[in-house]
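**Q** this one's structure only:
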């Protein structure tokens, strides 16, 4: 059973066997927020705002040279599944996170924001 407190639908909607918290709990603040907002952008009803927030945090994480921690929990597996189960620029953003390439994440998010704004 889902609830807005324990298992919100916008964090369980990916159907990859994991919730958003399963990866974000192991990340630094800005990186975790990039993942959170990208994860939920199609599930909470505010896709443009969520993508803009993901982009804002990605820029901050890039500036602070944060690294995505892939070697704890199932973080690498989760990102691989997100790359495999999404497409286009969203998949590119997940892949950028997987490879710790903030420029790729920012480019993908910029394009997603632009497309969502149309």
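**A** That came through fine. Since the structure is predicted, the reported quantities are computational estimates derived from the model, not experimental observations. Residues are numbered from 1 along each chain as shown.

**Q** just give the closest residue to residue 17, not the sequence neighbours.
**A** residue 81 (7.4 Å; CB to CB, 6 or more residues apart in numbering). C-beta here means a position set from N, CA and C on the backbone, and glycine is covered the same way.

**Q** which pLDDT value belongs to that neighbour?
**A** We have a pLDDT of 97 for residue 81.

**Q** kindly report the same for residue 11.
**A** So residue 11 comes in at 68 (pLDDT).

**Q** so what touches the helix or strand harbouring residue 92?
**A** Assigned by DSSP states H and E, residue 92 falls within helix 88-98. With contact meaning CB atoms under 8 Å, 6 or more residues apart in numbering, helix 88-98 is reached by 31, 34-35, 38, 54, 68, 70, 76, 79-80, 82-83, 86, 102-109, 111-112, 115.

**Q** surely the residue nearest to residue 17 meets residue 23?
**A** No. Residue 81 is beyond contact range of residue 23, at 10.2 Å (criterion: CB atoms under 8 Å).
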